[in-house]
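1. just to be clear, the model below is a prediction. Sequence and coordinates:
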Amino acid sequence: MCLAVPGRVLDIGEKDGTRMATVDFGGVQKEVCLEYLPDLQVGEYAIVHVGFALQRLDEESARQTLELFAQLGMLQEEFGDPWEQAAAAAGTDWPFADDPAGAAPQEEVQQ
């Protein structure tokens, strides 16, 4: 599923002649195109869909929406690792972890 998610603009710059921003989505930061909202400023909130800021949003509405998405697990679905999600959907453990205790066992090489 691809959601339109509210995010807060952290900084604004230009990339290859296009106005871009770093946007925070409740802890996840992504690069977003601002061409549809050329007057959006740092600190403001916008609804973002497939990498484009589409509509300005007030802070309270953004926070409520992010909280609801988090409660429903939709932020993990939208921003989580797709390989890990596929493994979970298949009912298997994701074999790669940040710590060695959770890593997949290494196969021994016979010589």
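-> Yes, it's here.

2. which helix or strand in this structure has the lowest average pLDDT?
-> Lowest by mean pLDDT, DSSP states H and E among the helices and strands of the chain is helix 82-89, with a mean of 60.

3. what's the local residue count around R56?
-> 14 (other CB atoms under 10 Å). All C-beta spots, glycine's among them, are computed from the backbone N, C-alpha and C.

4. typo on my end, it should be G7
-> 24.

5. so who does it touch?
-> V23, D24, F25, G26, K30, V32, Y45, A46, V48, A53, A62 (CB atoms under 8 Å, 6 or more residues apart in numbering).

6. which residue packs closest to the fourth one, ignoring adjacent ones?
-> In this case it means G26. L66 (4.4 Å; CB to CB, 6 or more residues apart in numbering).

7. show me the helices in the protein, by range?
-> 59-71, 74-79, 82-89 (DSSP state H).

8. thanks a lot, catch you later.
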